[in-house]
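1. take a look and give me a structure for this.
(4 chains)
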Protein chains: 2
Amino acid sequence: MTTPDGPAGAGARSSGADTRERILVEASRLLAMKGYGGTTTRDIAAAVGISQPSLFFHFSTKLALVEELYRYDLVPAVQGMENLVVGAGSAGAKLYAMISAEITRVIDSPYDMRAHISLEALDDPDLAAYRDLLNQFDDMTRLLIRTGQESGQFVPGDSWLALQMVAGFLARANLFAAGDEIDRLSHPEEAASLILRSLLAEPATLDAVRREAAELLPKYATAE
Amino acid sequence: MTTPDGPAGAGARSSGADTRERILVEASRLLAMKGYGGTTTRDIAAAVGISQPSLFFHFSTKLALVEELYRYDLVPAVQGMENLVVGAGSAGAKLYAMISAEITRVIDSPYDMRAHISLEALDDPDLAAYRDLLNQFDDMTRLLIRTGQESGQFVPGDSWLALQMVAGFLARANLFAAGDEIDRLSHPEEAASLILRSLLAEPATLDAVRREAAELLPKYATAE
DNA sequence: CAGCTAGCCTATCAAATGATAGATATACTG
DNA sequence: CAGTATATCTATCATTTGATAGGCTAGCTG
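-> Sure thing, here's the model as predicted:
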């Protein structure tokens, strides 16, 4: 892309921390589109408007860059989920709170979180910690589903299938959050309701679940 | 992997069509794990047990290889969906039939269809046709959802969100079909029921929808 | 103003990657 | 049995890619 402001010659300009941030933004966008292996450090640098080696002033390696993106996404998610799980409340309300909070987080994020639904880079041993976090998140989600089923709040069924529905929906929501359809996500509540309706044994209780979830939401936000 | 039979020297051995098939199988598995950019022709060749240049005897380019995988996945899917859409039947039954048929297809496929949920390679102009097919499939799915909503069979709501739930669920089902959890997909009917319960205005009609869908299923299978 | 540091650049490297060239051996065909 | 097509190999190439080395400049600090 054309150099933004035009620091063609050299010299210290943009605050530095600012450049670092722009790198993360552009990298997340490119990684989401072309994957880890398909995104080159030259692509990223060009999008930011700096030279390719300048990337390595801000990030030691390409992997360190995506590591930071994974951390930004996964650490608050697992934190929030843990806060929810250990607290009081029905499984349905917790699940509802988690879904709407996650979608809100995606909307508010400066980065394109689509980058993370591709598990491609997570195979690297250096990112094993984040692979673990992702598994933890899924495990807790599944626990919520199973708890709801055993309590009778949810219809009985395969908790694994239900997990794929929840996780798949969240992933797709991420997937298009950066696209033209971002306005669609303006109502996280509708997204959560859509999923809950599939699980609740008694659909009429959805409103009650929603009210209960509203009180749990602050717990999730305490994360970070 | 260790060379399967051991045609170390040279010469024509395995039927050729057989090698071609093994390439597709191994490539789909690797592409699913490491993405298009992350999977090298050497990786694929090693997994098959042939030399890297031998790959180019069977496929002119790396892209031609994945093109064939995309075709195998998308052409029958769009075909089946079209057959369903133009025929008679309620939107709910059509959606139910589509979901269970798609999951059946994933199970029966020799290839790892996870490769296709990564849109990475689809950015390439040479694969624009398959990008279009994917969009067509989503459009038709959304049409089914909207039709169901307008007829009153489904609860009203944002058809875009509902589409993300359906598509996301199918993608995740693919994602793990090749993993340890493949047995979970043994019951495509349960998967379809899970989604339909979220959409049906009257959950009690699920059994009726299921019976109606059973008659539509052959139409989908006529594809290919 | 001297000096240091942060931030960026150009030039360049070693390794990896997609693809080609040419040799070789097997199997079918007449 | 000679000849042709098939399928594979080794050797190699031109690019691309992640990363390093070293220089230049702006701005802060004393």
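
2. mind checking how far the residue nearest the centre of chain A is from DNA strand C?
-> Nearest to the mean C-alpha position of chain A, counting by Cα atoms, centre = their mean, stands A:Asp73 at 4.8 Å. Separation of A:Asp73 from DNA strand C (Cβ to the nearest atom of the strand, to the nearest Å): 24 Å. The way it works is simple: take the backbone N, C-alpha and C, and place the C-beta from them, glycine included.

3. elements contacting the helix or strand encompassing that residue?
-> A:Asp73 belongs to helix A:62-86 when assigned by DSSP states H and E. The contact analysis (3 or more Cβ pairs under 8 Å, 6 or more residues apart in numbering or on different chains; DSSP states H and E) places helix A:62-86 against helix A:17-38, helix A:91-108, helix A:114-117, helix A:128-151, helix A:206-221.

4. if you set the cut-off to 10 Å instead, what comes out?
-> Helix A:62-86 sits against helix A:17-38, helix A:41-48, helix A:55-58, helix A:91-108, helix A:114-117, helix A:128-151, helix A:206-221, with contacts defined as 3 or more Cβ pairs under 10 Å, 6 or more residues apart in numbering or on different chains; DSSP states H and E.

5. which of the ones you listed has the lowest average pLDDT?
-> With a mean of 66, helix A:114-117 has the lowest mean pLDDT of the helices and strands packed on helix A:62-86.

6. looking at the helices and strands packed on helix A:62-86, which is nearest to B:Ala17?
-> helix A:17-38 (29.6 Å; Cβ to Cβ).

7. how about the closest one: buried residues?
-> In terms of neighbour count (16 or more other Cβ atoms under 10 Å in any protein chain shown), helix A:17-38 has its buried residues at A:19-38.

8. can I get it in CSV, CA atoms only?
-> What follows is helix A:17-38, C-alpha atoms only, in CSV (Å, rounded to 0.1, in the frame of the first residue of the first chain):
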residue,chain,number,x,y,z
ALA,A,17,3.9,2.1,20.5
ASP,A,18,1.5,3.4,17.8
THR,A,19,3.3,1.5,15.1
ARG,A,20,3.3,-1.6,17.2
GLU,A,21,-0.4,-1.3,17.5
ARG,A,22,-0.9,-0.8,13.8
ILE,A,23,1.2,-3.9,13.1
LEU,A,24,-1.1,-6.0,15.3
VAL,A,25,-4.2,-4.6,13.6
GLU,A,26,-3.0,-5.2,10.1
ALA,A,27,-1.5,-8.5,10.9
SER,A,28,-4.7,-9.8,12.4
ARG,A,29,-6.6,-8.7,9.3
LEU,A,30,-4.1,-10.4,6.9
LEU,A,31,-3.8,-13.5,9.1
ALA,A,32,-7.6,-13.9,9.0
MET,A,33,-7.7,-13.7,5.3
LYS,A,34,-4.6,-15.6,4.2
GLY,A,35,-3.7,-17.8,7.2
TYR,A,36,-0.4,-18.0,9.1
GLY,A,37,1.6,-19.7,6.4
GLY,A,38,0.0,-17.5,3.7
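
9. could you say what helices and strands that helix packs with?
-> Counting by 3+ Cβ pairs under 10 Å, 6+ apart, helix A:17-38 packs on helix A:41-48, helix A:55-58, helix A:62-86, helix A:114-117, helix A:159-177, helix B:17-38.

10. angle of it against helix A:159-177?
-> 120 degrees (axes from the mean of the first three to the mean of the last three Cα atoms, to 10 degrees).

11. can you give me the angle helix A:17-38 makes with helix A:41-48?
-> Angle, helix A:17-38 to helix A:41-48, by the same axes, to 10 degrees: 140 degrees.

12. and helix A:17-38, how far out from the chain's middle?
-> In terms of Cα atoms, centre = their mean, to the nearest Å, the centre of helix A:17-38 is found 15 Å from the chain centre.

13. so is that helix next to DNA strand C?
-> Yes - for helix A:17-38, a contact with DNA strand C is found by Cβ under 7 Å from any atom of the strand, at A:17, A:19.

14. same list, the helices and strands packed on helix A:17-38, but as a markdown table with distance to B:Lys219 please.
-> Conversion of the helices and strands packed on helix A:17-38 to a markdown table gives the following (distance: least, Cβ to Cβ, whole Å):
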| stretch | distance to B:Lys219 |
| --- | --- |
| helix A:41-48 | 44 |
| helix A:55-58 | 53 |
| helix A:62-86 | 41 |
| helix A:114-117 | 33 |
| helix A:159-177 | 25 |
| helix B:17-38 | 27 |
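
15. what's the closest of these to B:Thr147?
-> For B:Thr147, the closest of those is helix A:159-177, at 20.8 Å, according to Cβ to Cβ.

16. mind saving the C-alpha coords of the closest one as PDB?
-> Extracted in PDB, the C-alpha atoms of helix A:159-177 (Å, rounded to 0.1, in the frame of the first residue of the first chain):
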ATOM      1  CA  SER A 159     -23.100 -32.500  24.900                       C
ATOM      2  CA  TRP A 160     -20.400 -32.700  22.200                       C
ATOM      3  CA  LEU A 161     -22.700 -31.900  19.400                       C
ATOM      4  CA  ALA A 162     -24.100 -29.000  21.400                       C
ATOM      5  CA  LEU A 163     -20.600 -27.700  22.000                       C
ATOM      6  CA  GLN A 164     -19.900 -27.700  18.300                       C
ATOM      7  CA  MET A 165     -23.000 -25.700  17.800                       C
ATOM      8  CA  VAL A 166     -22.000 -23.000  20.300                       C
ATOM      9  CA  ALA A 167     -18.300 -22.900  19.300                       C
ATOM     10  CA  GLY A 168     -19.100 -23.000  15.600                       C
ATOM     11  CA  PHE A 169     -21.500 -20.200  15.900                       C
ATOM     12  CA  LEU A 170     -19.100 -18.000  17.900                       C
ATOM     13  CA  ALA A 171     -16.400 -18.800  15.300                       C
ATOM     14  CA  ARG A 172     -18.600 -17.800  12.400                       C
ATOM     15  CA  ALA A 173     -19.700 -14.700  14.200                       C
ATOM     16  CA  ASN A 174     -16.000 -13.800  14.500                       C
ATOM     17  CA  LEU A 175     -15.500 -14.700  10.900                       C
ATOM     18  CA  PHE A 176     -17.800 -12.000   9.600                       C
ATOM     19  CA  ALA A 177     -17.500  -9.500  12.400                       C
END
